[in-house]
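Quick one, what's the 3D model for this:
(one chain, ligands or ions: 2)
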Amino acid sequence: MKNKQLYLIDFDSTFTQVEALDELANISLKDHARQKEISQQIEEITNLAMRGDMNFNESLRQRLQLVEASEKDIEKLIQVLREKISISFARNASFLKTYASQIYIISNGFKEFIVPIVTSFGILESHVYANTFVTNDHKDIIGFDESNILAHNNGKAKLLQELNLEGDIFMIGDGYNDYEVKAAGLANKFYAFTENVVRENVIAQADHITPSLDEFLYLHQMNISLSYPKNRIKVLLLENIHSSAQAILEKEGYQVSIHAGAMDEEELKEKIKDISILGIRSKTQLTQEVLENAKRLIAVGAFCIGTNQIDLEACAKKGIPVFNAPYSNTRSVVELAIGEMILLLRNLPDKMQQMHQGKWNKSAAKSYEIRGKKLGIIGYGNIGAQLSILAESLGFDVYYYDLIEKLPLGNVTKCNSLEELLQTCEVISLHVDGRPENKNFMDEEQFQQMQKGSVFINLSRGHVVNLNALKKYLSNGHLNGAAIDVYPVEPKTNDEAFESVLKGLPNLILTPHIGGSTLEAQENIAHFVPQRFIEYINTGSTTNSVNFPNLQLPVLKNAHRLIHIHYNTPGILAKINELLAKHHINIDGQYLKTSEQIGYVITDINKAYDETIIKELKGLEGTIRFRILY
Ligand SMILES: NC(=O)c1ccc[n+]([C@@H]2O[C@H](COP(=O)([O-])OP(=O)(O)OC[C@H]3O[C@@H](n4cnc5c(N)ncnc54)[C@H](O)[C@@H]3O)[C@@H](O)[C@H]2O)c1
Ligand SMILES: O=C(O)CC[C@@H](O)C(=O)O
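Ligands and ions are numbered 1, 2, ... in the order given. Next up is the predicted model:
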């Protein structure tokens, strides 16, 4: 018969993110003149003891003397600790409850604050082993119960010897004293918990390093909701993605690394090998070649709108959904476009430069109001349509042209051809997407069709404008000015020089692809895209994916979810269901959506099932990927 499994968990820096005595010192010494200095001393002593470099009893005595706390500080400490539960413990609260009878808290800390915290997670008070304070008549903490074995060196090991627990014992902790239990032969395995602190001498002794509780649960095949522990999900964020994205993804338990600029193909081919989730902006080219090395890639996020830098088809064929943020920066682009229209119609780019050169040019020549001018918007999508509303409220007479039928907002006028729009309007603003067919969409012929003296703005994608043609029509005075934010070739980082045929031309605003670069937009994006990853991983939902059939799925309840991605060939759904029927598996719910290339089938099944079905589903011809949620 299998032995009962017992899980021994340390408290400070394991169950909670912090060392409680350090926090207690922050509270009790709040108004002390030497607070910083004393807190640092306490922290140093804690670390010495945790590394095993100082006698534990001595360290406890010294720390309590320095802390100078009273019973009422403990109340405050409990509040602080409730906010500082280790993230993976909070995430796996159901494990603590379900396995309460097998969980023990073994700590050199103090019961007075440990018990209220851990019992609120369902852990039994009788399973908490820790020290207790000694107080005086004024309720000041003046020491600790010296007779408690946990107040002494090697206390945890000695306690376990006394307890003589029966079963397989697994010790989880961050300190050397946790390892001592295993060293004394009293635990089957020692798991070094590194979510909050990493101590090299402790890791060196560990049977397993567990960056979070998920890893421990995965190794023990316990009730986690994913077929893969979250801490093994490696995320790489490139191109200065706003720090909120990293915070959200780390909170979810993923391992996140960041890189300030874009990577070139060779570098990315190397780096992507063990990455599960990749986050990029507009500069990183995610090509078929790079994807060939992406053996573990589960999802890709474009932390922007455009996805023309990503081989979407190749991603779909590998079963990798790509998400973007279609709305988060649209307002920023619209505001910049409006600002630039005003600047260009007042001939300000030239005038501002002249002022820097000491030239006073007070004149109304070539300066106009925007009121009553005709604005032509090419591409009436999310940005174009929003621009039309704002521009109209400022007094523009707005026209638009789009490839597809669009609902005209406000009083805008639809043009039936590009030529009609170019010939009608004094201001042309380009907002088409970056599909390959749009290369050189604005070429010699189109600039020639624009009215003499008109102005041109491109905040969409660089390759849609032939810059040599634009240069010609700006230089010969046909156009009165332009504002360009995007270029066919852009520097990968801020350290690279910007080169363009446009440099030095008159009444020309050149900006470094910053249409969507406002703090508001970047923060919005950094919330939006990680949420798509998390939903996809936790539920299988593909809402907002740009290359996958979009399915919004309910949260899984009392079922297993089988997620099957396959090439869209006829009959696969029938084959999946045949297999399920053969194994007498009850289907609780089924969702299917297909795109031209792939089929996405989600099947929620009754929990009791025969494991062989998984192998058979994975083996179905046409399967690209399969995963299961518990
Ligand atoms: N400069 C920046 O920092 C920045 C920021 C955000 C978005 N963008 C870019 O702005 C562009 C527009 O973004 P969006 O969110 O409005 O996209 P969208 O997909 O919502 O709209 C694009 C519109 O262009 C139309 N279109 C495409 N090709 C066309 C053509 N040849 N002729 C006429 N219409 C055409 C489409 O039908 C669609 O309605 C994209 O290229 C995006 O990458 C740039
Ligand atoms: O932030 C970026 O790199 C791209 C911004 C913009 O072009 C977009 O597509 O949203």
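
got the contact list for Leu64?
Neighbouring residues of Leu64 by C-beta atoms under 8 Å, 6 or more residues apart in numbering: 21, 141-144. For every residue, glycine as well, the C-beta is placed using N, CA and C.

And for the residue of the stretch 1-150 of the chain found nearest ligand 1, the neighbour number?
Using C-beta to the nearest ligand atom, the closest approach of the stretch 1-150 of the chain to ligand 1 is made by Ile87 at 33.0 Å. A count of nearby residues for Ile87, using other C-beta atoms under 10 Å, gives 17.

what's the answer for Gly453, then?
Neighbours around Gly453, by other C-beta under 10 Å: 13.

and if you look at Ala483?
24.

any idea how far it is from Phe110?
For Ala483, the distance to Phe110 equals 65 Å [C-beta to C-beta, to the nearest Å].

What helix or strand is Val601 located in?
strand 598-605 (DSSP states H and E).

just the CA coordinates of that strand, formatted as PDB?
C-alpha atoms of strand 598-605 as PDB (Å, rounded to 0.1, in the frame of the first residue of the first chain):
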ATOM      1  CA  ILE A 598      -7.200  25.100 -38.500                       C
ATOM      2  CA  GLY A 599     -10.000  23.700 -36.400                       C
ATOM      3  CA  TYR A 600     -10.300  24.400 -32.700                       C
ATOM      4  CA  VAL A 601     -12.300  21.900 -30.700                       C
ATOM      5  CA  ILE A 602     -12.900  22.100 -27.000                       C
ATOM      6  CA  THR A 603     -14.500  19.200 -25.200                       C
ATOM      7  CA  ASP A 604     -15.400  19.300 -21.500                       C
ATOM      8  CA  ILE A 605     -15.600  15.700 -20.200                       C
END
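
contacts for stretch 497-508?
Residues from elsewhere that reach stretch 497-508 (C-beta under 8 Å, 6+ apart): 344, 347, 349-350, 455, 467-468, 470-471, 474-475, 480-484, 487, 489-491, 510, 512.

Of these, which belong to helices?
Within those, residues falling in helices by DSSP state H are 344, 349-350, 467-468, 470-471, 474-475.

Please identify the residues of the protein in proximity to ligand 2?
281-282, 304-306, 329, 516 (C-beta under 6 Å from any ligand atom).

can I get these in a markdown table with neighbour count and secondary structure?
Formatted as a markdown table, those follow (neighbours: other C-beta atoms under 10 Å; DSSP: H, G, I helix; E, B strand; the rest coil):
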| residue | neighbour count | secondary structure |
| --- | --- | --- |
| Arg281 | 22 | coil |
| Ser282 | 22 | coil |
| Cys304 | 26 | coil |
| Ile305 | 25 | coil |
| Gly306 | 16 | coil |
| Asn329 | 23 | coil |
| Gly516 | 26 | coil |
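
For those, give me JSON lines that also has pLDDT.
Below are the residues of the chain next to ligand 2 laid out as JSON lines (pLDDT from 0 to 100):
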{"residue": "Arg281", "pLDDT": "97"}
{"residue": "Ser282", "pLDDT": "95"}
{"residue": "Cys304", "pLDDT": "97"}
{"residue": "Ile305", "pLDDT": "97"}
{"residue": "Gly306", "pLDDT": "96"}
{"residue": "Asn329", "pLDDT": "97"}
{"residue": "Gly516", "pLDDT": "97"}
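
Any figure for the gap between Ile389 and ligand 2?
Using C-beta to the nearest ligand atom, to the nearest Å, we find Ile389 at a distance of 20 Å from ligand 2.

Which strands and helices lie in contact with the one helix or strand that residue maps to?
In this structure, Ile389 is located in helix 382-393 according to DSSP H and E. Using 3 or more C-beta pairs under 8 Å, 6 or more residues apart in numbering; DSSP states H and E, the elements in contact with helix 382-393 are helix 330-345, strand 374-378, strand 397-401.

That one close to ligand 1?
Yes: shown here: helix 382-393 in contact with ligand 1 (C-beta under 6 Å from any ligand atom) through 382-384.

related to what we said a few turns ago, which of the contacts of stretch 497-508 are buried? Put it as a PyMOL command.
Typed into PyMOL, the next command selects the buried ones out of the contacts of stretch 497-508 (criterion: 16 or more other C-beta atoms under 10 Å):
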select buried, resi 344+347+349+350+455+467+470+471+474+480+481+482+483+484+487+490+491+510
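
show me where the stretch 1-150 of the chain has strands.
In the stretch 1-150 of the chain, the segments counted as strands under DSSP state E, counting those that start in this stretch are 5-9, 103-110, 128-131, 133-135, 141-144.
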